[in-house]
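> Output the structure for:
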Amino acid sequence: MIAAIKPAGSNTRGLLAYLYGPGRQDEHLDPHIVAGFAMLGMPDPGRDESATLIELARYLDEPVCLRNGEFGRKVTDHVWHCPVRAAPEDRYLSDVEWGEIARRVVEAAGIAPPGDDLACRWVAVRHADDHIHILATTVREDGRRPKLHDSGVRVGDVCREIEKDYGLRQLKKGDRTAGRRPSQGEMHKSERMGWEQTSRQWLEDSVRAAIPHARDAEELLAYLEAQGVAVKLRRGPTGDLLGYAVGRPGDLNKAGEQIFHPGGRIAPDLSLPKLAARLEGTAPEEHPTARRARPDTPWQQAVEALDTLHVGLVRTDGDGDTESQAQGHIAALGELLEATVQMAPMPLRADLRAGAREFARAQRSKIRAEDRVAHAVRSAARDIVHTATGPDGSALAALLAALVWATIIAKRWHEAMGHAQQAEAAYQAQSHLQAAADTAAAPVLANLGARSPREENRRVLAHDVRAAVPDHADRILGDDTWPALAALLADAEALGHKPHQLIKEAAAQRELDTARQPARVLIARIQHTGRNAAPNRVAEAARRRTTVAWSRAGAPQSPIETSTRAEAPDRGKSPRR
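Purely as a prediction, here's the structure:
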C-alpha cells in the first residue's frame, strides 16, 4: 500500500471537483465519502443529491476562514492531499475497511491525532476500487496549525502495519534514499507521446549509461550532449561548474520550450557533487601501451575485478569506513553493469537493461559511498565501453555468471545492514541477470556437452570432484551440465592444470550451498581460471637456477670486450713473454 502526500495546495473546491468529477479518462466511478472528521451532518455530493461541492468545500474551510479573519497573515497552503493506493494483486477492500485505513493514516500524519476533538477537518473520497483520496484542511479548530514534520515517514510506517493487518502485499520499509515516483501527469504525458518511460526515467538511464564513458563531470555532460540529450549548465563567475540539468528531446512545455530536470531531482545519487566525487575517485587513465600489453580481454579483466569486489563486500560491525567502502564497491558494480549492457549482444540487452535499472536502487543507501575504492571494477567498465569488439561466448558467460554472484553478495550485504529496499532491488536485478546468463551460457554448454570425454575419463574426473568438494559431489555429478563440466576439466588438464585444484579454487570463489546448478557454477569459474596454459614449474625452476648462476658469475661480455681484456696486460705487472 502506497500513500503519497502531495505538495500543499490552496484550492479546496478545485480538488473536490477533481475527486468527484469523471477523471481525465473517465476512470472515476461512484465517487463518495468513506470516512471523515465528523460524518454526521457532513454533506456528501456523491450520496446526497441536494449537497454541492461548494457546500462541502465551505464546510472543510471553516477553520481556515476563521483564522484568516482574525490574523493579518492569511493561510494559503492549507489543502493537504494524500492518495492511498492498494497493490494491483491485493484483494477488494470494502468502504468500511477503506474508512478505517483513512483514519489510521490521518492519525499517523498528525492531521487528526487520536482523541483530539480540535483536530483538522478531513474527508476520504473513494472513486475506484483500489484507492482513496484523503483531503484535509491544515488549520485546527482552535486556529493552530498541525505538526506535520516527517509525516511522510510516519504514514509510510503505518502503511506497513496496515499491509500486515489486512493481509495485503507487504512492501519494504524505506530509508528516504529512494528516487521520486513518476507523477500521474508524467505517466499520462509519456502515454500520449508513445514513450515507454517517463522523461525522468529515460534521463536517469541516459546519465547512468554515460558514467563509464567519462573521467570527470565536464566530460560526462559533453558525452550526454553528444548523445542528443539537452544539457543546461550553471557556472560560477570564474567558470566553475556549479550545477546541471538535462532534458529529453521532444519533452516541451506549453510554450514549446525544453523541459529540464536537475540531476538531483532525477535520482539522489546523480546530483553534480555526487557525480563529481564518483568520477574523481576513479583511478587515473592507464597508458594505451600498458593496456595493449595485457593478455586478457576487457571481459576477462572484468571477471578478475569482480573477484576483488567480492572481498570488498565484507561487513565489519561498527566499522563505518568498511561500510562506506562496501557501498562504494556496490556503486562500482552498477557502473560495470551499465557498461555490460551497452556492449553485450542484442538478444541479451533487454534482460541486462532491466537488471541494471533494478540495481540502481541498490547503489545508494544512508551509508555514504567511499568512491576511492573498486578501481579495478571501474577501470574494467571503462575498458569494456571503449573496446572495439564484443566478447566471445565463453568470456561473456563467465562475466554474466560473475555479475549474478556479485548481485547475490550485494543483496546479502544489504540484508545484513537492514536495507530492505536495496536488498529487494538487488534480488530483482539478480533474477534479470540470471535470465541473461542462462541465455548466454546455453550455446557454450551445448558445445562442451557435445564433446564430453569418454566414460572412463569421466570416472577419473568424477574422482577429482569427490576429492575436491566431497560435500557437493553428489549434486555436481547429478547435474545436467556434468558432461559439459567434464569436457571443460579435460581441456584444462590438457593445458597442464590439475582438475581437483581448479575445482577447489572455483568452489572457494563462489560457495555452492545456494547454487541452483553447482556444476554450471564451476563451469563459469573454471572457464575463466583455466583458460590459459598452466605454467611449467620444472622449466620455471630451471630458468631461475640459470638466472642465479649468471648473476653470481657476472653477465657475459661482448666478443670485442672479451678480446680486449684478454690482450690488455694487468697494470703494475710486466706482460708474460
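> pLDDT-wise, which helix or strand of the protein ranks last?
The helix or strand of the chain with the lowest confidence, counting by mean pLDDT, DSSP states H and E, is helix 559-567 at a mean of 41.
> for this structure, which spans come out with low pLDDT?
Where the chain drops to pLDDT under 70, the residues are 26, 39-40, 71-72, 281-295, 312, 314-321, 530-577.
> And the strands in it, which stretches?
Along the chain, counting by DSSP state E, strands occupy 2-3, 32-36, 79-85, 121-126, 131-137, 230-235, 241-247, 261-262.
> Identify whichever of those lies nearest to Leu477.
strand 2-3 (48.5 Å; CB to CB). To be clear about C-beta, it is placed using only N, CA and C from the backbone, and glycine gets the same treatment.
> Run me through the strand neighbours of the closest one, direction for each.
strand 79-85 (antiparallel) (DSSP bridges).
> for the partner strand, which positions count as buried?
The neighbour-count check on strand 79-85 (16 or more other CB atoms under 10 Å) flags 79-84 as buried.
> about what we covered before: winner for burial among the strands of the chain?
When you average the neighbours per residue for each of the strands of the chain (mean count of other CB atoms under 10 Å), strand 121-126 leads with a mean of 25.
> Could you list every helix and strand in contact with that one?
Using 3 or more CB pairs under 8 Å, 6 or more residues apart in numbering; DSSP states H and E, the elements in contact with strand 121-126 are helix 12-20, strand 32-36, helix 53-70, helix 95-109, strand 131-137.
> picking that back up, I'd like the strands of the chain written out as CSV, with distance to Gly355 added.
Output for the strands of the chain, formatted as CSV (distance: least, CB to CB, whole Å):
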stretch, distance to Gly355
strand 2-3, 24
strand 32-36, 41
strand 79-85, 27
strand 121-126, 38
strand 131-137, 30
strand 230-235, 27
strand 241-247, 23
strand 261-262, 24
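> and Gly46, which of the helices and strands packed on strand 121-126 is closest to it?
Evaluated over these, closeness to Gly46 peaks at strand 32-36, with 3.4 Å, by CB to CB.
> what are the ranges of the helices in the stretch 351-500 of the chain?
Under the criterion DSSP state H, counting those that start in this stretch, the stretch 351-500 of the chain contains helices at 375-386, 393-417, 420-450, 455-468, 473-477, 482-494, 499-509.
> now the ones you listed in JSON lines, with mean neighbour count?
JSON lines is the format used below for those (neighbours: other CB atoms under 10 Å):
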{"stretch": "helix 375-386", "mean neighbour count": "22"}
{"stretch": "helix 393-417", "mean neighbour count": "23"}
{"stretch": "helix 420-450", "mean neighbour count": "20"}
{"stretch": "helix 455-468", "mean neighbour count": "16"}
{"stretch": "helix 473-477", "mean neighbour count": "18"}
{"stretch": "helix 482-494", "mean neighbour count": "22"}
{"stretch": "helix 499-509", "mean neighbour count": "19"}
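> re earlier: can you add distance to Leu477 and give the helices and strands packed on strand 121-126 back as a markdown table?
Conversion of those to a markdown table gives the following (distance: least, CB to CB, whole Å):
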| stretch | distance to Leu477 |
| --- | --- |
| helix 12-20 | 65 |
| strand 32-36 | 62 |
| helix 53-70 | 73 |
| helix 95-109 | 55 |
| strand 131-137 | 54 |
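> what's the closest of those to Arg144?
For Arg144, the closest of the helices and strands packed on strand 121-126 is helix 53-70, at 8.7 Å, according to CB to CB.
> Who are the packing partners of the closest one?
Contacts defined by 3+ CB pairs under 8 Å, 6+ apart place helix 53-70 against helix 12-20, strand 121-126, strand 131-137.
> what angle do the first one and helix 53-70 make?
Using axes from the mean of the first three to the mean of the last three CA atoms, to 10 degrees, the interaxial angle of helix 12-20 with respect to helix 53-70 works out to 150 degrees.
> do the same with the shortest one
Comparing the axes of strand 121-126 and helix 53-70 via the same axes, to 10 degrees yields an angle of 160 degrees.
> what does strand 121-126 contact?
Identification of contacts with strand 121-126 by CB atoms under 8 Å, 6 or more residues apart in numbering yields 16, 19-20, 30-38, 42, 46, 56, 59-60, 62-63, 80, 95, 98-99, 102, 106, 111-112, 132-137, 141.
> how about a cut-off of 6 Å?
The contact list for strand 121-126, computed with CB atoms under 6 Å, 6 or more residues apart in numbering, reads 19, 31, 33-37, 60, 98, 102, 106, 111, 132-137.
> Quickly run through the sheet partners of it, with directions.
strand 32-36 (antiparallel), strand 131-137 (antiparallel).
> how about these in JSON lines, adding distance to Ala492?
Converted to JSON lines, those look like this (distance: least, CB to CB, whole Å):
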{"stretch": "strand 32-36", "distance to Ala492": "68"}
{"stretch": "strand 131-137", "distance to Ala492": "59"}
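> Of all these, which one is nearest Pro262?
The minimum distance between Pro262 and those falls on strand 131-137, with 29.0 Å, by CB to CB.
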